[in-house]
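> Here is my input, please return the structure:
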Amino acid sequence: MNRIIFCTYLKEKSEGQDFQVYPGPLGKRIYNEISKIAWKKWISQQTILINEKKLNMFNVDDRIKLEKHMINFLFKNK
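Residues are numbered from 1 along each chain as shown. Now for the predicted structure:
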């Protein structure tokens, strides 16, 4: 059975994640507030950011930058 949530990004009810896709408290928030559709949009945006800004995911500073972009994208910086 699909889990239906109110998606903060889409501002409507939608199918939630099947499991926590990101670690820690932020991951729990994503699980509870971000739908599969919104997460898929973020993954596309993330790929664009990594390529355009030449982010290295082995670099902690770049991962922190990407996480800030993710929060801004999914939660409109809230």
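
> which stretches of this protein have low pLDDT?
Residue ranges of the chain with pLDDT under 70: 1, 77-78.

> in stretch 62-70, what's buried?
62, 66, 69-70 (16 or more other C-beta atoms under 10 Å). Yep, even glycine has a C-beta here, placed from its N, CA and C like the rest.

> same question, stretch 52-62
For stretch 52-62, by 16+ other C-beta under 10 Å, it's 55, 62.

> Distance across that stretch, terminal residue to terminal residue?
Distance between the two ends of stretch 52-62: 13 Å, counting by C-alpha to C-alpha, to the nearest Å.

> what separates Asn32 from Asn51, distance-wise?
30 Å (C-beta to C-beta, to the nearest Å).

> Neighbour count for those two, which is higher?
The neighbour comparison of Asn32 against Asn51 (other C-beta atoms under 10 Å) goes to Asn32, with 14 against 9.

> Any chance of the backbone angles for the spatially closest residue to that one that is not a sequence neighbour?
Spatial nearest neighbour of Asn32, chain neighbours left out: Ile5 (6.7 Å); criterion: C-beta to C-beta, 6 or more residues apart in numbering. Per-residue torsions, Ile5: phi -130, psi 170 (degrees, to the nearest 10).

> In contact with Ile5, which residues?
13-16, 32-33, 35 (C-beta atoms under 8 Å, 6 or more residues apart in numbering).

> So it versus Gly16, what's the distance?
4 Å.

> next one: Thr8
11 Å.

> Residues that sit against both of those two, list them.
In contact with both Thr8 and Gly16: Ile34, using C-beta under 8 Å, 6+ apart.

> Comparing those two, which residue is more hemmed in?
Gly16 (20 against 17).

> That one is in contact with Ile37, isn't it?
No: assessed by C-beta atoms under 8 Å, Gly16 is found out of contact with Ile37, at 10.3 Å.
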